[in-house]
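1. Here is the input, now give the coordinates:
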Amino acid sequence: MTTTVLVTGGSGFIGTWVLHELLATGATPVVVDNQPNASRWERVLGDGIRRVRWSDASLLHPDGLQAAIEQHDITHVIHLAALLTPACQQDPWLGCQVNVLGSTAVFEAARRSHRVRAISYASSYAVYGPEAAEDHSSPSRPPMFYGAFKQAVDMIAEQYWRHFGLRSVAVRPHVVYGPERDQGLTAGPSLAARAAAEGQEYTIGYRGTVGYDYVEDVARAFVRAALECPEGATVVDLPGAVATTEEFARTIESVVPAAVGRIHVDGPSIPSNIPPQPNYINTLFADWRATSLAEGVRKTVEFYRSA
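-> Okay, here's the model as predicted:
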């Protein structure tokens, strides 16, 4: 049977690489996204663009999403569309509509259709508060609206499994880096790798120790989670390559020796949000292998050099 996957947020950074991974598996992607990015698709997907279908369904309308699922014979869903931390902090009501109600609309449309076998969706390390690393006896609490919304969706997914038997896997990456990452504070390392590839200087605008997940690993996680979804409402953390911002900068310089002295670090420290009791994706896929930081940086540099 043909595998056809509805991808919300398919024009975004991670979404585009999810399409790339889906096309490599032979699946047919159908994209729901109100911000098309044809140039990014051309750079990453090349001729594969011709195999991607488009839907004008709205994330906020379960009836339209259900119609799209039925029209395109959708078998699986990968739900990525969301407003990020700054937008949620600036307008919590809009953030709630898009991130919580929009996610509920996706689950509801999938349930009503009786066609969707499983959903994978983007959760986040933002659900873990700063106290998580200090006191493992109490649950961590999200420090921002974005994390609270993501945590709410994790609980909603559990209800859809409990009451309707709709399978799901939530994937929690930390800082995702790689080719085409260009938005947000933590895009700094990716932009620095691009600058190194192009012989330019760059200053990464934050400090701190966090986990870094290479974007093709993240895309593979979402695709495998959707297509190989077990029973239940599972939440998995991506392991990430834990490094300081300075270590990331030095990794770029080791890959591009000509960049030594050109990649700088400055700015505030960001929280590590370490999970108190991680459930890494290896528990779901025993053969999971993450890309090392050096290899991920090398692939990012090569992408921009070839471009």
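2. what is the mean pLDDT for the helix or strand harbouring Ala196?
-> In this assignment (DSSP states H and E), Ala196 forms part of helix 188-197. In this model, helix 188-197 has a mean pLDDT of 98.
3. How far away from the center of its chain is that helix?
-> 19 Å (Cα atoms, centre = their mean, to the nearest Å).
4. Buried residues in the helix or strand following it, which are they?
-> Note on helix 188-197: by DSSP H and E, the next helix or strand toward the C-terminus is strand 202-204. For strand 202-204, a neighbour-count test (16 or more other Cβ atoms under 10 Å) marks Tyr202, Ile204 as buried. No exception for glycine: its C-beta is placed from N, CA and C like everyone else's.
5. contacting residues for Ser254?
-> Ala294 (Cβ atoms under 8 Å, 6 or more residues apart in numbering).
6. residues of the strand or helix carrying it that come out buried?
-> Secondary structure assignment for Ser254, by DSSP H and E: helix 245-255. By neighbour count on 16+ other Cβ under 10 Å, the buried set for helix 245-255 is Thr245, Phe248, Ala249, Thr251, Ile252, Glu253, Val255.
7. which other residues reach the helix holding Ala196?
-> Residues outside helix 188-197 that contact it (Cβ under 8 Å, 6+ apart) are 175, 177-179, 181-182, 201-206, 212, 245, 248-249, 252-253, 255-256, 258-259, 262-263, 297, 300-302, 304-305.
8. Averaged pLDDT, the lengthiest helix in the chain. What do you get?
-> With secondary structure taken from DSSP state H, the chain has its longest helix at helix 145-164. The predicted model assigns helix 145-164 a mean pLDDT of 97.
9. what lines up beside the helix or strand following that helix in the sheet?
-> Counting by DSSP H and E, the element after helix 145-164 in chain order, helix or strand, is strand 167-172. With DSSP bridges as the test, strand 167-172 is paired with strand 118-122 (parallel), strand 233-237 (parallel).
10. average pLDDT across strand 167-172?
-> Strand 167-172 comes out at a mean pLDDT of 98.
11. cool, and stretch 274-283?
-> For stretch 274-283, mean pLDDT is 88.
12. The closest residue to Gly199 other than its chain neighbours: how many residues sit nearby?
-> Leaving out its chain neighbours, the residue that sits closest to Gly199 by Cβ to Cβ, 6 or more residues apart in numbering is Ala258, at 6.9 Å. A count of neighbours around Ala258, defined by other Cβ atoms under 10 Å, yields 9.
13. how much space between Ala258 and Ala81?
-> 39 Å (Cβ to Cβ, to the nearest Å).
14. likewise Glu247?
-> 32 Å.
15. just Pro173 next, same as before
-> Taking Cβ to Cβ as the measure, Pro173 falls 15 Å from Ala81.
16. Could you count how many residues lie near Trp288?
-> Counted with other Cβ under 10 Å, residues neighbouring Trp288 total 17.
17. Return the per-residue confidence for it.
-> At Trp288, pLDDT is 97.
18. does it count as helix, strand or coil?
-> Secondary structure, DSSP: H, G, I helix; E, B strand; the rest coil: Trp288 is coil.
19. ok, now the one 10 residues further on?
-> Secondary structure, three-state DSSP: Arg298 is helix.
20. Contacts only, for it.
-> Contacts of Arg298 by Cβ under 8 Å, 6+ apart are Val255.
21. Swap in 10 Å and give it another go.
-> Going by Cβ atoms under 10 Å, 6 or more residues apart in numbering, Arg298 touches Ala193, Thr251, Ile252, Ser254, Val255, Val256, Thr291, Ser292.
22. Of those, which is the nearest to Gly48?
-> Thr291 (21.3 Å; Cβ to Cβ).
23. In a strand, Val31, correct?
-> Yes - judged by three-state DSSP, Val31 forms part of a strand.
24. quick one: contacts for it?
-> 5-11, 15-16, 18-19, 41, 52-55, 57, 81.
25. Roughly how far does it sit from Gly10?
-> The value you get for Val31 to Gly10, if Cβ to Cβ is used, is 3 Å.
26. next one: His163
-> Taken as Cβ to Cβ, the span from His163 to Gly10 is 28 Å.
27. more crowded one of these two?
-> Legend: neighbour count by other Cβ under 10 Å for His163 and Gly10, higher for Gly10 (27 against 9).
28. related to what we said a few turns ago, got a markdown table for the strands paired with strand 167-172, with mean pLDDT, distance to Tyr280 and mean neighbour count too?
-> Below are these laid out as a markdown table (pLDDT from 0 to 100; distance: least, Cβ to Cβ, whole Å; neighbours: other Cβ atoms under 10 Å):
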| stretch | mean pLDDT | distance to Tyr280 | mean neighbour count |
| --- | --- | --- | --- |
| strand 118-122 | 98 | 16 | 25 |
| strand 233-237 | 97 | 5 | 21 |
